[in-house]
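Chemist: requesting a structural model of the entry that follows:
(one chain, ligands or ions: 1)
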Amino acid sequence: MSRHKIVRTMNLADELDDYDGDDYYEEEENEGMSQADKAKMADGLRRVREVIGDDVPTITNDKIEETLWYYYFDVERSITYLLMGATEKKKQKKTAAVDSSKARATFWDTRDSKYWRIDPRNIDNRIPPGVWDDIPFGGVPICRLAELVPPPIPVGARTTGLLGGSGPQPGKVSKLAALAKARSKAKAEKAAEVAGNDSSQSTTAVSLLNRLSKKVSTPIPVEAPAPMPVTPTPAAATEYDPPASESIPQQNDKIPTEKTRPNFIADPDSTPKALPSGFAKSMFGRRLDEMLLDLDEEIADAQLIYFSVAPSQKAAAKAKQGFEGPSPDDVVIAAQSQSKGLNKGQKAEKSSSTATTSIQKGVDGLKIAEPPEKPTAPKIARKKIDVVAEYEKSKAKRKENANLVVIGHVDAGKSTLMGRLLYDTGVVDERTIQKYKQEAEKIGKSSFALAWVLDQTGEERARGVTIDIAVNAFETEKGRFTILDAPGHRDFIPNMIAGAAQADFAVLVIDSSPGEFEAGFNIRGQTKEHALLVRSMGVQRIIVAVNKLDLLHWDQDRFDEIRQQMSQFLTTAGFQSKNVSFIPCSGLTGDNIVRKPEEGLVSWYSGPTLIEELETAKPVAKAIEKALRMTITDVYRGGVTNPVTISGRIEVGNLQIGDTIIGIPGDEKATVKGIEVDNETTEWAVAGNNVQLHLAGIEMDHLKIGDVVCHADSPLVPLKEFEAKILAFESLTPMMVDIHRGRLNASGRITKLVATLDKGNGTVTKKKPRHISPGSLAVISILVTGAPLPLEKGSRVVLRADGLTVAAGVVE
Ligand SMILES: Nc1nc2c(ncn2[C@@H]2O[C@H](COP(=O)(O)OP(=O)(O)OP(=O)(O)O)[C@@H](O)[C@H]2O)c(=O)[nH]1
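Modeler: All right, here's what the predicted structure looks like:
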């Protein structure tokens, strides 16, 4: 079954329930050699020795272990490499050539080992025959080696789910969020059960009946006890406050009011005695009271409440005992009022003086916890840097960062292609790929080894499907790129929207194999939906990677056919043809990604590789002098010295250390005490930078994913109702919609269809249309059903309904 078919047929709820997602991380976190690794190493060493023997002097145990480690304990490859190395050495002695290990050592020296990624043996063509036969990886030209940065902190949704933002999140939640919620609820319930949660036992009818029915196995003849008059005790009325569901009032019953509610505990003799329900009678009959006496008190008490019958004397007496004397709260309140009275010079009443003394004693030992003080913003010097001028000066020195979102239909090969890009640029090393390959093989998904570079969570790997945006970065001689690998599956489109909201340009991956391009391109496919969405989110430049051409023996006709159909569609979707390009490639084999193709494709294609095309795609100039706007993608503790750190991409404006900021819709201010751009500390940052801000004077709880960071003196004003210019993907009428802004989504309603517009010049073609047809440009009015959303003129929004993207556009 193809992977997307598996996805379609699987029950996500079950999958989520079954999966214990952290397996993959556990191993990652283990920096040293684990016991399992040690065992594998010992076994590998033994097996290599069995084949090679002990008589090759250059092959030491250390060498074998090093090789096994490098090939992730693959004995066969290690043997091939070691034997080839020995042969090489002999040759080198004769020719006095450079010692390969020396060359390797030099390479190591010149680079920070942390960033060392490329095996030089791939570069100088000394690859042992057969080593890579079944792995089409490697072969990175030396000119492509780049100084590489570790990926930035992954976006918050990896840990926090789809929703974020301050304030309530009313209305519908996405399917994934709902599943996650259900899963945690189930877990919590399970935990409560295990812990023997008394309160749930006493109020849960089912569990109670289960317990009772275990104790009472034989039915008992029915005879109802005589009804008792209700004698309410108003003084202690609040001690019993049954939930509405506990007793169903009979037709002539008066619903007990606050004053008339009975006091079971204070006076057992005056306890109201109602008739047991029919169900109770049939279960327990006349012996109901006696049975209650026999049961343990805890069950008896619960039974008392559930069946609304008289309490057992024993249970009531015990309960009464427990409530004799003042409660701890009473003690505190009495002491407080007494001390207040004393402060005012009032004399304490003589009759209560004894009690007061004992209360006072008790109070002396008590302390009322003060609410934690809000951290005060320390004075952080603001250097009054002219950020715009500094940015202009630094432009020549700095490599520009571009965010690229990778989009396309499910299974088009997005993650594999990006894994390949990261591998061939050296961000991911050979050993990691080998490890992924072996692990993927174990679960029958060996072709996903490269995709696992991006698909890091257990869920994603187990299912072979990208769920959330993965963030990675790589650098070339000309630029720095942040990859946002978006999920292709339609269930995870909200995550894809979050990625598109931060992108400068898009790489649209197309599976060129027969039937697959068509599946993605049809009305239910994601190729069109993704392309429309990114354009609606403001992305102007799109690179179409016509992928998996290796499966078609680099068929030029197929490439031309796809190019022709896609060009037509992308132009109608609003992309200018100068901003659209097509790259034939294979993520799996690596042809035309970083490495120029050597055969097949080369017979008819001489254009740029994907990476060359990326280097030409300059991000659009940002408004760095305008008011600061940055959507928070993560909030976390950045260490002891940085208790509150946020990350995100500055969309507009600039900021510097010492600035006072506010996260809208929250109202707490904070001071910026440190800034990191692409993991380097800096004093200022501008629009387009992916930043981490270390904050002072605020607590974590006051900032949420999805909040918009502004300068405190120019905050955004959240909107409850707004007009938006949108492109309709589906037919629109006044209807309920989910409003997506980046990673946030909230429920709303289209209240008015204001007008349809001419696509060419934006003039009004019809006022107050009765509906808006798919493909039309229109202005509509939207009401947010919950709390106002952090939106303003120019904010990009996407509207979804019933799992479909129905429109996208810009707030007017
Ligand atoms: N032959 C061939 N197979 C490929 C190529 N690229 C990807 N695949 C295979 O296609 C399958 C799906 O690849 P992924 O990279 O997971 O696809 P994806 O688009 O990221 O999937 P989602 O994120 O779940 O939508 C895997 O089995 C890959 O090995 C390619 O260029 N050639």
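Chemist: give me phi/psi at the closest residue to Met735 other than its chain neighbours?
Modeler: Nearest residue to Met735 in three dimensions, chain neighbours excluded: Ile750, at 5.4 Å (CB to CB, 6 or more residues apart in numbering). Yep, even glycine has a C-beta here, placed from its N, CA and C like the rest. With angles defined as degrees, to the nearest 10, Ile750 sits at phi -80, psi 110.
Chemist: just give me the neighbour total for Ile750.
Modeler: 23 (other CB atoms under 10 Å).
Chemist: that one and Ser781 touch, don't they?
Modeler: Yes. Between Ile750 and Ser781 there is a contact at 7.1 Å, judged by CB atoms under 8 Å.
Chemist: any figure for the gap between the residue nearest to Met735 and the ligand?
Modeler: According to CB to the nearest ligand atom, to the nearest Å, Ile750 and the ligand sit 30 Å apart.
Chemist: next: Asp707.
Modeler: The value you get for Asp707 to the ligand, if CB to the nearest ligand atom is used, is 28 Å.
Chemist: the strands in the stretch 601-750 of the chain, which residues?
Modeler: 629-636, 644-652, 654-656, 660-664, 669-677, 680-682, 684-686, 690-696, 708-711, 721-728, 736-741, 744-757 (DSSP state E, counting those that start in this stretch).
Chemist: rebuild those as CSV, extending it with mean pLDDT.
Modeler: Listed next are the strands of the stretch 601-750 of the chain as CSV, based on pLDDT from 0 to 100:
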stretch, mean pLDDT
strand 629-636, 89
strand 644-652, 90
strand 654-656, 95
strand 660-664, 93
strand 669-677, 93
strand 680-682, 89
strand 684-686, 94
strand 690-696, 91
strand 708-711, 95
strand 721-728, 91
strand 736-741, 90
strand 744-757, 92
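Chemist: which one, of those, ends up nearest to Lys793?
Modeler: Nearest to Lys793 among these is strand 721-728 (8.7 Å), distances taken as CB to CB.
Chemist: Thr432: helix or strand, and which one exactly?
Modeler: Here Thr432 sits within helix 430-442, counting by DSSP states H and E.
Chemist: of all the residues in that helix, which ones are buried?
Modeler: Residues of helix 430-442 classed as buried under the neighbour-count rule (16 or more other CB atoms under 10 Å) are Glu430, Thr432, Ile433, Gln434, Lys435, Tyr436, Lys437, Glu439, Ala440.
Chemist: same question, stretch 596-608
Modeler: Pro597, Gly600, Leu601, Tyr605, Pro608.
Chemist: and the contacts of it?
Modeler: Leu549, Asp550, His553, Trp554, Gln556, Ile583, Pro584, Asp591, Asn592, Thr609, Thr616 (CB atoms under 8 Å, 6 or more residues apart in numbering).
Chemist: can I get it as PDB, trimmed to CA atoms?
Modeler: The C-alpha trace of stretch 596-608 is given here as PDB (Å, rounded to 0.1, in the frame of the first residue of the first chain):
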ATOM      1  CA  LYS A 596      25.200  18.400 -11.400                       C
ATOM      2  CA  PRO A 597      23.800  15.300 -13.100                       C
ATOM      3  CA  GLU A 598      26.400  13.100 -14.800                       C
ATOM      4  CA  GLU A 599      24.200  11.000 -17.000                       C
ATOM      5  CA  GLY A 600      20.500  10.700 -18.000                       C
ATOM      6  CA  LEU A 601      19.300  14.200 -17.400                       C
ATOM      7  CA  VAL A 602      22.500  15.700 -18.700                       C
ATOM      8  CA  SER A 603      21.500  14.700 -22.300                       C
ATOM      9  CA  TRP A 604      18.800  17.300 -22.400                       C
ATOM     10  CA  TYR A 605      19.200  19.700 -19.400                       C
ATOM     11  CA  SER A 606      22.000  22.200 -18.900                       C
ATOM     12  CA  GLY A 607      20.200  24.600 -16.500                       C
ATOM     13  CA  PRO A 608      20.900  25.300 -12.900                       C
END
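Chemist: quick one: end-to-end distance for stretch 702-718.
Modeler: Taking CA to CA, to the nearest Å, stretch 702-718 runs 16 Å from one end to the other.
Chemist: for that stretch, buried residues please.
Modeler: In stretch 702-718, counting by 16+ other CB under 10 Å, buried: 702-711, 715-716, 718.
Chemist: re earlier: wait, does the helix holding Thr432 contact the ligand?
Modeler: No. Counting by CB under 6 Å from any ligand atom, the ligand is not contacted by helix 430-442; separation bottoms out at 9.5 Å.
Chemist: tell me the secondary structure for Ile483?
Modeler: Counting by DSSP: H, G, I helix; E, B strand; the rest coil, the backbone at Ile483 sits in strand.
Chemist: for it, give its distance to the ligand.
Modeler: 12 Å.
Chemist: same check, this time on Gln568
Modeler: Distance from Gln568 to the ligand, by CB to the nearest ligand atom: 23 Å.
Chemist: residue contacts, that residue?
Modeler: By CB under 8 Å, 6+ apart, Gln568 has no neighbours at all.
Chemist: that older thread, what's near enough to touch the residue nearest to Met735?
Modeler: Contacts of Ile750 by CB under 8 Å, 6+ apart are Leu732, Thr733, Pro734, Met735, Val737, Ile780, Ser781, Ile782, Leu799.
Chemist: which two of the buried residues of stretch 596-608 have the greatest separation?
Modeler: Gly600 and Pro608 (17.1 Å).
Chemist: what's the domain layout of this structure?
Modeler: Using automatic domain parsing, the domain parsing of the chain gives 3-137, 175-350, 401-604, 629-711, 721-811.
Chemist: which of those has the lowest mean pLDDT?
Modeler: Of all those, mean pLDDT reaches its minimum on domain 175-350 (a mean of 40).
Chemist: backbone dihedrals for Phe517, please?
Modeler: phi -60, psi -50.
Chemist: is it correct that it is in contact with Phe559?
Modeler: No. At 10.5 Å, Phe517 does not count as touching Phe559 under the criterion of CB under 8 Å.
Chemist: have a look at the two and say which one is more surrounded.
Modeler: Ranked by neighbour count (other CB under 10 Å), Phe517 and Phe559 place Phe517 first, with 24 against 21.
Chemist: residue contacts, the more buried one?
Modeler: Contacts of Phe517 (CB under 8 Å, 6+ apart): Ile510, Asp511, Thr527, Ile562.
Chemist: count of neighbours near the first one?
Modeler: Number of residues near Ile510 (other CB under 10 Å) recorded here: 26.
Chemist: in this structure it contacts Phe559, no?
Modeler: No. Counting by CB under 8 Å, Ile510 stays clear of Phe559, with 9.9 Å between them.
Chemist: shared neighbours, these two?
Modeler: With CB under 8 Å, 6+ apart, Ile510 and Phe559 have common neighbours Val546.
Chemist: now do the same end-to-end measure for stretch 766-786.
Modeler: Stretch 766-786: ends 31 Å apart by CA to CA.
Chemist: tell me what the helix or strand containing Ala42 is packed against?
Modeler: Element membership of Ala42, judged by DSSP H and E, is helix 35-52. Packing partners of helix 35-52 (3 or more CB pairs under 8 Å, 6 or more residues apart in numbering; DSSP states H and E): helix 61-70, helix 75-95.
Chemist: what's the angle between the first one and helix 430-442?
Modeler: Interaxial angle of helix 61-70 relative to helix 430-442 (axes from the mean of the first three to the mean of the last three CA atoms, to 10 degrees): 60 degrees.
Chemist: what is the neighbour count of Ile646?
Modeler: 28.
Chemist: my read is that it contacts Val709, right?
Modeler: Yes. Using CB under 8 Å, Ile646 makes contact with Val709 at a distance of 7.1 Å.
Chemist: pull up the overlap in contacts between these two.
Modeler: Joint contacts of Ile646 and Val709 (CB under 8 Å, 6+ apart) are Ile632, Gly663, Leu693.
Chemist: so the second one touches Met700, yeah?
Modeler: No. Between Gly663 and Met700 there is no contact under CB under 8 Å: 11.2 Å.
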